[in-house]
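> Just need the structure, nothing else, for what follows:
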Amino acid sequence: MLVAPRAPPPAATAVASQLLGLAVVSSIVIVHEGGHFAAAKLFKMRVDEFSVGMGPALFQKRFKPVEEGGVNYALRALPLGGFVSFPTALGEEELKEQELQEQQAMRALSNGKRQRKASPPKPSPPRIAPDDPALYENKPFLQQR
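Numbers count the residues shown, from 1 in each chain. Coordinates of the predicted model:
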């Protein structure tokens with residue numbers, strides 16, 4: 001009995017199978033990174049960002065301010081991978097440098113100076129006390145792993 005050779009699949013089927021594969025990988029990433037996020041919240045750690053994908057952010061949303069433990073949720077351009085970001089404490093030097101930069105920016109604005117290029121200001125990291133018990137580096141060793 002002879003079997004007729006199969007015709008190549010239509011392009012729509014190939015695209016659908018690629019999209020299905022991408023959905024499977026993305027769901028695995030979400031579950032994996034969700035485990036990191038859940039463990040951090042279980043141990044009452046600060047979490048700065050929960051992101052699915054890599055590269056530039058396509059969508060970002062923060063429901064509460066950083067000071068209240070708000071998390072930045074992001075969907076990024078390259079759907080392979082993801083991460084959970086933990087903030088670090090600013091030391092005395094970094095705090096002084098950050099305050100100096102903010103003062104210089106305020107002086108420049110009050111003097112009427114304009115920048116050459118209208119680029120958005122670089123967001124400064126939130127001010128977190130170095131001895132904050134919710135920081136990753138201040139947790140006991142077994143809670144860090």
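> hey, where'd the helices end up in the protein?
11-42, 92-110, 141-144 (DSSP state H).
> low pLDDT regions in this structure?
Counting by pLDDT under 70, the ranges of the chain that qualify are 1, 7-9, 89-95, 112-130, 145.
> 80 instead, please
Applying pLDDT under 80 to the chain flags the ranges 1-12, 65-69, 88-99, 101-145.
> TSV for the helices of the chain, including mean neighbour count and distance to residue 61?
All C-beta spots, glycine's among them, are computed from the backbone N, C-alpha and C. Shown next, in TSV, are these (neighbours: other Cβ atoms under 10 Å; distance: least, Cβ to Cβ, whole Å):
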stretch	mean neighbour count	distance to residue 61
helix 11-42	12	15
helix 92-110	11	25
helix 141-144	10	28
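> for these, which one sits closest to residue 70?
Of all the helices of the chain, helix 11-42 sits nearest to residue 70, with 12.6 Å by Cβ to Cβ.
> As TSV, the helices of the chain with distance to residue 79 would be great.
Listed next are the helices of the chain as TSV, based on distance: least, Cβ to Cβ, whole Å:
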stretch	distance to residue 79
helix 11-42	5
helix 92-110	34
helix 141-144	29
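> Relative to residue 5, which of those is closest?
For residue 5, the closest of the helices of the chain is helix 11-42, at 16.9 Å, according to Cβ to Cβ.
> The closest one packs against which elements?
strand 49-62, strand 72-85 (3 or more Cβ pairs under 8 Å, 6 or more residues apart in numbering; DSSP states H and E).
> got the angle for that helix vs strand 72-85?
Going by axes from the mean of the first three to the mean of the last three Cα atoms, to 10 degrees, helix 11-42 is angled at 70 degrees with respect to strand 72-85.
> Look up the closest residue to residue 25, ignoring the ones flanking it.
Leaving aside its chain neighbours, residue 25 sits nearest to residue 80 (6.7 Å; criterion: Cβ to Cβ, 6 or more residues apart in numbering).
> ok, now how distant is that neighbour from residue 46?
Here residue 80 is placed at a distance of 27 Å from residue 46 (Cβ to Cβ, to the nearest Å).
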